[in-house]
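**Q** just coords:
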């Protein structure tokens, strides 16, 4: 089945909101064998919405929309669908009662009058229930069997409705039509500690793909994601081919792979330390607590993470981490020696088996010829053994700080679970 996607909202066109919905929808549909063959983004304007929907229906016969289902004057998707299909808007009493009950459950005595418009739906439309918000969606067909499905723009609500309500409907529709059960599936391996070009070189002949499966590279601050894709197969065949290809990639570059899909290196490191029964503490200078924030964003991190110290000023490094003042004077705050002393100091302070430190020049100022912007030293103490790593990260201040946290987590991973712990400097 082929469909088109229309995302609706002035905020998308103006760049105030990044459209993450389209990517999630495309991945979810592809996994069920439904291909998004064209995407469009339009303003909160009835004429623009109707034009986009009419074109999509003429080309493909099926279109999904996101956005424009709220209670305000700029929420125009449902009236536009009704206009396109020549349907009257009718008050759906069951939908209205559900919205009113939702407000009561939140402690409101009455529902705002504006929310009543969310219960005005085109005649003959099937309601797509929203268990995650107030805005219902609709699924409506015309006399030729072409259809429009509407989803909210709020990502949490959209994802819930897509999985709970719309996907079962679309899959049932495919089965009734006798459409072959083929899928488009991808497998993503997440790497870190190696650049995109070096990774391609390490893969050799497999750099362009394996056994007919194309290989895509997606570099970002966390590292480079490797994505394999297979299309036109049954679910079982697709999984088997992806397993084989991913296994071959792991043989060649597995030491750089820390996870799959949306895996976070912080979660991977915490689980590794949890299995070892080790506790972790952090000492941060240039990252200002960003590493601690990444760690504590993972549910259950408290059983591994003891705490951290943001030692931005040298006086804090000396007072709270026990870094000798003469060491800072002779080596500088951004140095291997100070990074080692910070990591050892935070272990003593929190009584943990593992300590990690970050000190560097995040910019845009403060760099020197000897220590330019992007220079970062990271040290890890693991059961009394100290490993330090000097890096030169590229990017703006935010990117350098984020890359430094990833480097710190990777150095912990190296010591806690990888054989190449002392791999030295690498861009």
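**A** Arrived safely. Remember, it's a predicted structure, so these values are computed and weren't measured experimentally.
**Q** Longest helix in the chain, by number of residues?
**A** helix 397-417 (DSSP state H).
**Q** residues contacting the residue lying closest to residue 224 once chain neighbours are set aside?
**A** Ranked by Cβ to Cβ, 6 or more residues apart in numbering and with sequence neighbours excluded, the top spatial neighbour of residue 224 is residue 196, at 4.8 Å. The C-beta positions use only the backbone N, C-alpha and C, and glycine is treated the same way. The neighbourhood of residue 196, defined by Cβ atoms under 8 Å, 6 or more residues apart in numbering, consists of 217, 219, 224.
**Q** Please spell out the ChimeraX selection for the buried subset of the residues you listed.
**A** Selection command for ChimeraX covering only the buried members of those, criterion 16 or more other Cβ atoms under 10 Å:
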select :224
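**Q** Mark which of the contacts of residue 196 are part of helices, please.
**A** The members of the contacts of residue 196 all map outside helices under DSSP H.
**Q** for residue 5, phi and psi?
**A** phi -130, psi 130 (degrees, to the nearest 10).
**Q** What confidence value was assigned to it?
**A** Per-residue confidence (pLDDT) for residue 5: 98.
**Q** does it really touch residue 25, like I thought?
**A** Yes. With contacts counted by Cβ atoms under 8 Å, residue 5 reaches residue 25, the gap being 6.1 Å.
**Q** pLDDT score for residue 381?
**A** Residue 381 carries a pLDDT score of 98 in this model.
**Q** List the residues that contact residue 311.
**A** Under the criterion of Cβ under 8 Å, 6+ apart, the contact partners of residue 311 comprise 283-285, 317, 320-321, 323, 342.
**Q** Filter the residues you listed down to just the buried residues.
**A** Applying a neighbour-count criterion of 16+ other Cβ under 10 Å, the buried members of these are 283-285, 317, 320-321, 323, 342.
**Q** Contacts for stretch 209-223 next, please.
**A** 188, 190-196, 199-200, 203, 206-208, 224-230, 241-242, 244-245, 248-249, 256, 258, 265, 395, 399, 402-403, 406.
**Q** again, only this time at 6 Å
**A** 191-192, 196, 224-225, 227-230, 245, 248, 399, 402-403, 406 (Cβ atoms under 6 Å, 6 or more residues apart in numbering).
**Q** What are the buried residues along that stretch?
**A** By neighbour count on 16+ other Cβ under 10 Å, the buried set for stretch 209-223 is 210, 213, 215, 221-223.
**Q** would you list the buried ones among the contacts of residue 311 in TSV and tack on secondary structure?
**A** As requested, these are exported to TSV (DSSP: H, G, I helix; E, B strand; the rest coil):
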residue	secondary structure
283	strand
284	strand
285	coil
317	helix
320	helix
321	helix
323	coil
342	helix
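**Q** quick one: the strands in the stretch 201-350 of the chain?
**A** For the stretch 201-350 of the chain, the strands defined by DSSP state E, counting those that start in this stretch cover 209-210, 213-220, 223-233, 257-260, 280-284, 305-310.
**Q** could you redo those strands as JSON lines and give each row mean pLDDT and distance to residue 114?
**A** Putting the strands of the stretch 201-350 of the chain into JSON lines (pLDDT from 0 to 100; distance: least, Cβ to Cβ, whole Å) gives the following:
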{"stretch": "strand 209-210", "mean pLDDT": "89", "distance to residue 114": "52"}
{"stretch": "strand 213-220", "mean pLDDT": "95", "distance to residue 114": "40"}
{"stretch": "strand 223-233", "mean pLDDT": "93", "distance to residue 114": "42"}
{"stretch": "strand 257-260", "mean pLDDT": "97", "distance to residue 114": "44"}
{"stretch": "strand 280-284", "mean pLDDT": "98", "distance to residue 114": "46"}
{"stretch": "strand 305-310", "mean pLDDT": "98", "distance to residue 114": "44"}
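**Q** Just put the ones you listed in TSV and tack on distance to residue 162.
**A** Output for the strands of the stretch 201-350 of the chain, formatted as TSV (distance: least, Cβ to Cβ, whole Å):
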stretch	distance to residue 162
strand 209-210	30
strand 213-220	23
strand 223-233	21
strand 257-260	22
strand 280-284	37
strand 305-310	34
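**Q** Distance from the longest helix of the chain to the middle of the chain?
**A** Distance, stretch centre to chain centre, for helix 397-417: 18 Å (Cα atoms, centre = their mean, to the nearest Å).
**Q** tilt between that helix and strand 213-220?
**A** Between the direction of helix 397-417 and that of strand 213-220, the angle (axes from the mean of the first three to the mean of the last three Cα atoms, to 10 degrees) works out to 120 degrees.
**Q** Run the angle between helix 397-417 and strand 280-284 for me.
**A** Counting by the same axes, to 10 degrees, helix 397-417 points 150 degrees away from the direction of strand 280-284.
**Q** Quick check: buried residues in helix 397-417?
**A** The neighbour-count criterion (16+ other Cβ under 10 Å) identifies 399-417 as the buried residues of helix 397-417.
**Q** repeat for stretch 189-201
**A** Neighbour-count burial for stretch 189-201 [16+ other Cβ under 10 Å]: 189-194, 199-200.
**Q** That stretch spans what distance, first to last residue?
**A** Looking at stretch 189-201, the gap from its leading to its trailing residue is 16 Å under the measure Cα to Cα, to the nearest Å.
**Q** so residue 80 touches residue 48, yeah?
**A** No. With contacts defined as Cβ atoms under 6 Å, residue 80 does not count as touching residue 48, sitting 8.7 Å away.
**Q** higher neighbour count, these two?
**A** Counted by other Cβ atoms under 10 Å, residue 80 and residue 48 do not tie: residue 80 has more neighbours, with 25 against 18.
**Q** got a list of what the more buried one touches?
**A** By Cβ under 6 Å, 6+ apart, the residues touching residue 80 are 46, 49-50.
**Q** again with residue 147
**A** When contacts are counted by Cβ under 6 Å, 6+ apart, residue 147 touches 62, 141.
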